[in-house]
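**Student:** Following is a predicted model, sequence given first.
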There are 2 protein chains.
Amino acid sequence: MVLVDKLRSTDCKPTKLMDLEQIKCQSCSISRLCLPVMLADAEIEHLDSIVKRRKPYQKDDVLFRFGEPLQSLYAVRSGCLKTYTLDADGIEQITGFYLPGEIIGLDAIANNTHQSFAKALDTSLVCALPYNKLDILAGQIPGLRSQLLKIMSSEIQDDKALFLLLNKKNAEQRLAAFVINLSRRYANRGLASDRFQLPMTQVDIANYLGMAVETISRLFKKLHKLDLLELKQKEINILNMQQLSHFAGTSCHV
Amino acid sequence: MVLVDKLRSTDCKPTKLMDLEQIKCQSCSISRLCLPVMLADAEIEHLDSIVKRRKPYQKDDVLFRFGEPLQSLYAVRSGCLKTYTLDADGIEQITGFYLPGEIIGLDAIANNTHQSFAKALDTSLVCALPYNKLDILAGQIPGLRSQLLKIMSSEIQDDKALFLLLNKKNAEQRLAAFVINLSRRYANRGLASDRFQLPMTQVDIANYLGMAVETISRLFKKLHKLDLLELKQKEINILNMQQLSHFAGTSCHV
DNA sequence: GGCTAAACTTGATTTATATCAAGTTCTGGC
DNA sequence: GCCAGAACTTGATATAAATCAAGTTTAGCC
C-alpha cells in the first residue's frame, strides 16, 4: 500500500502501520524534534501516557476548525498539514504548513479557542496532546515546562522571520526563502534536504506567500534557468544550495 | 518636568517619579495587562520580589542588542519602545512596537539569545524580569505558568494576524489596521482610544508596514479626506472608528 | 531666536507583480 | 485507458505602490 510505503520512508525502522499508530514517545523517531527533548526516561513515560495517537488523517481531513475550543495541541508524526483562516468572502488564507516534529495549535492557548482551521495535505499521522493535561504535566516536570516555552518562543522567532521576509523581500526572494526553509526543516528531521517532494500545490504556496500562482510558476522557471533548482512534477531538486540561500537573503540586482 | 507630567498622565494616582520607579506589582496600574493576572496576593508578592525596576530609559536608549544572551524579559510600564534587526546593508528593519503592559523579548527564550535590538522611542519605564528566576517561579506558581504560556500564545496570535494583514491587504488597509490596532491597545490600558499621540515617526510606520514614507503620508491625507481620522503633528484623532475598522478589514473598491 | 537636520508633503515617473486570457499537462475515478 | 477537473504554464495588459526629485514644516540645539 502507498500509505505504508510512505510511512516506512518517514520512519527509520520498517514497521507495520498498526505499530506506527501505537508507537510510544520513547521510541518515536522524531521525538528529538517534539516535546520530550532532554526529559528523563520516567518523565517521557509520564508524557507518553497523556499522548493520544490518532488514526492517520487522509488528504483534506480536518483536525479542528476556527472557533472550536482548544482540546489538544497536535504533534505531526508524518505527512503534512496546513492551517488557514477564511476571509470576509470565505476565501482560504493559509497561515502555516506543518511538517513532522512540529506542533499545531499553539495560538489557541491564549483564549482556549482555535484561531484557524487545520487540514491534512496528505495522509498524515499526528499525536494529540490534551492541553489541560499537558499544562498540569508542565507544572510537574521542569524540563517539559522549559521545552514548551522554548517551542513557543521558537514559533515567535519563525513568525518574526516570516514577517521580515514578506515585508522586505521581493517575489523571487520570498520563493527562494520558502524553498530553503522547507529544505532546512526536512534536514532537521534527518531527511534529504536537497531533494524532496513539495507537499503543497503551487496555489497553496502562492496563497501563503501572498503572490499570484502565475508568479510562482514563472519564478520556479527562472530559478531553474539560473541552475539553482529543478522542479519536476512536485519533486524539488536543489542544484545550488549556497547560491539559492544567498539569493533568498540579499537582493540580486541583475 | 515633562517626564513627571507624562508619567502622571499614565498612572492613576499622581506620584513622584521616585515612587514610580519603586512601585510594586501589587499597586502597579498596568498589572492586569502584565504577568500578575489572577495570581493570589502571596504569589504576586513572590513575583514582585524578582522584578527589577529600572531608571527610565531616554529616547534612543538601547535595552538590549541582537545576539546578546537573554538576561531578562522586559515589561513596559510607560512610554513606547521598538524592536528591530539590521539587514545585510545595516538598514534597520522594525519588527515591533511595544506599549505599556506588553512584554519584550519572548523570542529570545528559544535559544537564550536576543533576536533583535530594543530601543526606547520615548522616555520609558520598564520592569526587568530575570528569565531564569521567572522560569523557576513559573514552576512554583501554576497561575504564572499558565499566564506566561497565554502571553506567548497571544503574541503568536498577533503575529499571525499581522502576517495576514501584510500578506493580503493593500496599503490603505494596512495603515488603517495599524491605527486601529494602536487604538485598541491604548483602550486596553484604559486610555483614550480615539485620540492619542503616535509614539513613532511616519518613517518608522513605513518601515514596519513595508511601505514607502511617501505612501504613508498620502494615505493619512486620504483617510483625512474621507473624514475617518485627523492627524495634527503626531496626534491622531479618530473621527469614525466604525468605518475605519471596516475600511481596515474589507477592501473598499471605490 | 535663528540655524540645521530630521520629518513630512507633493507631484512625476517607473516598475514589480497582479490580473486577464487562453492555453497545456497532470491526476484520480470509472 | 479515457474523461473531467485540477494544476500548472505562458503571454499581454493593467495597476498599486515604489522611486525619484524637490519642495515645506517641525523640532532640537548653541
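**Tutor:** That came in fine, so what should we check first?
**Student:** how about the lengthiest helix in chain A, does it reach DNA strand C?
**Tutor:** Criterion DSSP state H: the longest helix present in chain A is helix A:142-168. No. Helix A:142-168 lies out of reach of DNA strand C by CB under 7 Å from any atom of the strand, never closer than 10.6 Å. For the C-beta atoms, the positions are set from N, CA and C on the backbone; glycine is no exception.
**Student:** elements contacting that helix?
**Tutor:** helix A:41-50, helix A:131-140, helix A:171-188, strand B:92-98, helix B:131-140, helix B:142-168 (3 or more CB pairs under 8 Å, 6 or more residues apart in numbering or on different chains; DSSP states H and E).
**Student:** Can you give me the buried ones in it?
**Tutor:** A:143-167 (16 or more other CB atoms under 10 Å in any protein chain shown).
**Student:** now swap in stretch A:43-52 and tell me
**Tutor:** Result for stretch A:43-52 [16+ other CB under 10 Å]: buried residues A:43, A:44, A:46, A:47, A:48, A:50, A:51.
**Student:** next one: stretch A:213-220
**Tutor:** A:215, A:216, A:219, A:220.
**Student:** cool, stretch A:226-238 as well?
**Tutor:** A:226, A:228, A:229, A:231, A:236, A:238.
**Student:** still on that earlier bit, which among the buried residues of stretch A:213-220 gets closest to residue A:131?
**Tutor:** residue A:216 (35.8 Å; CB to CB).
**Student:** Secondary structure element holding that closest one?
**Tutor:** helix A:213-225 (DSSP states H and E).
**Student:** which parts of the stretch 51-200 of chain A sit against chain B?
**Tutor:** A:85, A:87-88, A:93, A:95-96, A:106-111, A:115-116, A:135, A:138-139, A:142, A:145-146, A:148-157, A:159-160, A:162-164, A:166-168 (CB under 8 Å from any CB of the partner chain).
**Student:** tell me, which of those make contact with DNA strand D?
**Tutor:** Of these, not one also sits near DNA strand D (CB under 7 Å from any atom of the strand).
**Student:** what's near enough to touch the closest residue to residue A:165 other than its chain neighbours?
**Tutor:** Distances taken as CB to CB, 6 or more residues apart in numbering or on different chains put residue A:177 closest to residue A:165, at 5.3 Å, once the chain neighbours are dropped. Counting by CB atoms under 8 Å, 6 or more residues apart in numbering or on different chains, residue A:177 makes contact with A:165, A:169, A:248, A:249.
**Student:** ok, now residue A:182?
**Tutor:** Residue A:182 neighbours (CB under 8 Å, 6+ apart): A:99, A:196, A:198, A:236.
**Student:** just those now: which is nearest DNA strand D?
**Tutor:** Relative to DNA strand D, the closest of the contacts of residue A:182 is residue A:198; by CB to the nearest atom of the strand it sits at 7.0 Å.
**Student:** What separation is there between the residue nearest to the closest one when sequence neighbours are not counted and residue A:68?
**Tutor:** Closest residue to residue A:198 apart from its sequence neighbours, by CB to CB, 6+ apart: residue A:234 at 4.6 Å. Distance of residue A:234 to residue A:68, given as CB to CB, to the nearest Å: 31 Å.
**Student:** got it, and residue A:132?
**Tutor:** Residue A:132 is 15 Å from residue A:68, by CB to CB.
**Student:** wait, residue A:116 sits on residue A:98?
**Tutor:** No. The criterion here is CB atoms under 8 Å, and residue A:116 misses it with residue A:98 at 11.2 Å.
**Student:** Show me the common contact partners of the two, please.
**Tutor:** Counting by CB under 8 Å, 6+ apart, the residues touching both residue A:116 and residue A:98 are residue A:83.
**Student:** Is any residue of the strand or helix carrying residue A:203 near DNA strand C?
**Tutor:** In this structure, residue A:203 sits in helix A:202-209 according to DSSP H and E. No. On the criterion CB under 7 Å from any atom of the strand, helix A:202-209 is out of touch with DNA strand C, staying 7.5 Å away.
**Student:** quick one on the thing from earlier: filter the buried residues of stretch A:226-238 to keep only those in contact with DNA strand D.
**Tutor:** Answer for these near DNA strand D (CB under 7 Å from any atom of the strand): residue A:231.
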